[in-house]
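**Q** Sequence and computational prediction follow.
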Amino acid sequence: MEVDESLHYMQLPREVIVGKNVLGRVGEVCTRLGFTGTALVVSGPITYPLAGEPVAKSVTKAGLKVDHVIVKESTEHVANHVVETIKKAKASLVLGVGGGKDIDLAKLSSAKSKVPFMSVPTAASHDGIASPYASIKGGSRPYSVRAQAPVAILTDIDVIADSPYNLLAAGCADIVAKFTAVKDWQLAHKLKNEYYGDYAANLAMMSAKLVTKNAKEILKRNVEGVKTVVEALISCGVAMSIAGSSRPCSGSEHLFSHALDIVAGETSLHGERTGVGAILCAYLQGSNWEAIRTFLKEIGAPSTAKELNVSPEQLVRALMMAHSLRPERYTILGETGVAEAAAEKVARTTGVIG
Ligand SMILES: [Zn+2]
């Protein structure tokens with residue numbers, strides 16, 4: 001999708017369904033939205049039999065032809081392969097069924113192919129399940145790029161509740177990171193006169209507040225707890241759609257997370273890294289970093305370098321280089337970044353390194 005940067009462009013989902021036995025409802029949503037022809041299911045090797053097949057069955061019942069492609073990693077190379085598959089299948093709709101990587105691949109490759117995309121997440125590990133942005137490895141930029149918003153989001157609570165708990169905890173950490181992201185956005189507005197949208201900012205903040213308030217329910221993984229996380233992630237995705245940028249959900253803590261990807265590789269989940277980033281960046285912002293750390297500990301998400309499977313040196317290096325990844329995105333890290341001694345002090349004071 002070509003976006004004229006002088007316009008404020010919002011792309012929002014048409015339908016959002018959160019509840020039980022949702023996989024079997026994908027077909028009726030296709031009918032309601034008027035899809036015909038071929039749908040391509042993009043899924044992972046584990047998620048395909050679990051969720052991809054029931055979705056395919058439901059869509060076939062609705063009268064569409066269904067093809068599928070199994071993806072293992074979210075790289076530029078695999079995204080190009082999915083683009084080819086969409087073309088070959090002459091797909092009129094792409095269904096991302098699976099974890100964050102599967103959704104991101106489906107989102108980016110469908111956008112490149114100018115075909116609508118539906119999001120059917122099997123885990124609630126980050127806000128990409130509903131946002132117009134996708135994070136793909138091996139591209140020219142180490143952060144999320146604009147793709148397109150899903151036309152519909154269908155989230156099966158039982159499937160999410162059955163997924164490994166650390167994925168749900170990572171989703172919570174990605175949500176608590178909105179406290180620092182919104183503060184950074186306000187800072188950029190004040191210092192750089194960057195566009196700031198109160199509505200989008202408040203929507204992201206509300207998600208962070210609701211999730212921190214409901215930690216006990218989330219830990220129990222009951223329907224209410226899982227629903228709180230899923231709805232918060234969807235609200236964050238919608239906040240980005242309304243803002244027309246990832247600003248309300250991605251600030252210095254996300255830059256830190258992307259820097260850690262470069263410094264240490266994939267030793268922990270995206271959400272987990274942004275949670276730890278939020279502790280560090282809240283400290284730098286002079287806000288309540290202790291509350292963020294307490295929440296992460298309570299929910300069972302990492303709050304230290306050790307729990308992210310990175311060394312103290314790698315963590316400090318990531319904090320020092322984070323500002324340089326995206327110079328146009330002004331944050332508390334400033335234009336020159338955090339000096340080594342200061343980065344080490346932040347990490348020690350907040351207990352992120354011992
Ligand atoms: Zn995120």
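**A** That came through fine.
**Q** all contacts plus neighbour counts: C-alpha atoms, from now on.
**A** Will do.
**Q** Pro45 sits in which helix or strand?
**A** Here Pro45 sits in a region with no helix or strand, counting by DSSP states H and E.
**Q** what's the neighbour count on it?
**A** A count of nearby residues for Pro45, using other Cα atoms under 10 Å, gives 13.
**Q** Which residue lies closest in space to it, excluding its sequence neighbours?
**A** Ile70 (6.0 Å; Cα to Cα, 6 or more residues apart in numbering).
**Q** That neighbour pairs with what?
**A** Here Ile70 sits in beta bridges with Ser43, going by DSSP bridges.
**Q** Was I right to think it contacts Val42?
**A** Yes - counting by Cα atoms under 8 Å, Val42 is a contact partner of Ile70 at 6.1 Å.
**Q** Between these two, point out the one with more neighbours.
**A** Val42 (28 against 16).
**Q** quick one: contacts for Phe343?
**A** Small correction: residue 343 is Ala, not Phe. Residues near Ala343 by Cα atoms under 8 Å, 6 or more residues apart in numbering: Val316, Leu319, Met320.
**Q** what secondary structure does it sit in?
**A** helix (DSSP: H, G, I helix; E, B strand; the rest coil).
**Q** distance of it from Asp174?
**A** Remark: distance between Ala343 and Asp174 (Cα to Cα, to the nearest Å) = 22 Å.
**Q** before we move on, what about Ser43?
**A** Ser43 is 23 Å from Asp174, by Cα to Cα.
**Q** show me where pLDDT drops low in this structure?
**A** 1-3, 5, 139-140 (pLDDT under 70).
**Q** Who's the closest spatial neighbour of Ser58, skipping the chain neighbours?
**A** Nearest to Ser58 is Gly27, by Cα to Cα, 6+ apart, at 4.8 Å.
**Q** Give me the neighbour count for the one you found.
**A** By other Cα under 10 Å, 21 other residues sit near Gly27.
**Q** any idea which element it lies in?
**A** Assigned by DSSP H and E, Gly27 falls in helix 26-32.
**Q** Which elements pack onto that helix?
**A** With contacts taken as 3 or more Cα pairs under 8 Å, 6 or more residues apart in numbering; DSSP states H and E, helix 26-32 sits against helix 53-61.
**Q** hmm, who's touching the helix it packs on?
**A** Here helix 53-61 makes contact (Cα under 8 Å, 6+ apart) with Leu23, Gly24, Arg25, Val26, Gly27, Glu28, Cys30, Ala39, Val41, Lys65, Val66.
**Q** Check which residues of it are buried.
**A** Glu53, Pro54, Val55, Ala56, Lys57, Ser58, Val59, Thr60 (16 or more other Cα atoms under 10 Å).
**Q** want to throw these into a markdown table with distance to Asn309?
**A** Shown next, in a markdown table, are those (distance: Cα to Cα, whole Å):
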| residue | distance to Asn309 |
| --- | --- |
| Glu53 | 34 |
| Pro54 | 36 |
| Val55 | 35 |
| Ala56 | 37 |
| Lys57 | 40 |
| Ser58 | 40 |
| Val59 | 41 |
| Thr60 | 43 |
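**Q** Closest to Thr267 out of those residues?
**A** Taking Cα to Cα as the measure, Glu53 is the one of these closest to Thr267, at 30.1 Å.
**Q** Only alpha carbons, please: show the helix or strand where Ile17 lies as CSV.
**A** Following DSSP H and E, one finds Ile17 within strand 15-19. The C-alpha trace of strand 15-19 is given here as CSV (Å, rounded to 0.1, in the frame of the first residue of the first chain):
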residue,chain,number,x,y,z
GLU,A,15,-14.5,-7.4,12.2
VAL,A,16,-13.0,-8.4,15.5
ILE,A,17,-14.1,-11.6,17.2
VAL,A,18,-12.8,-12.8,20.6
GLY,A,19,-14.2,-15.9,22.2
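**Q** Noted, bye for now.
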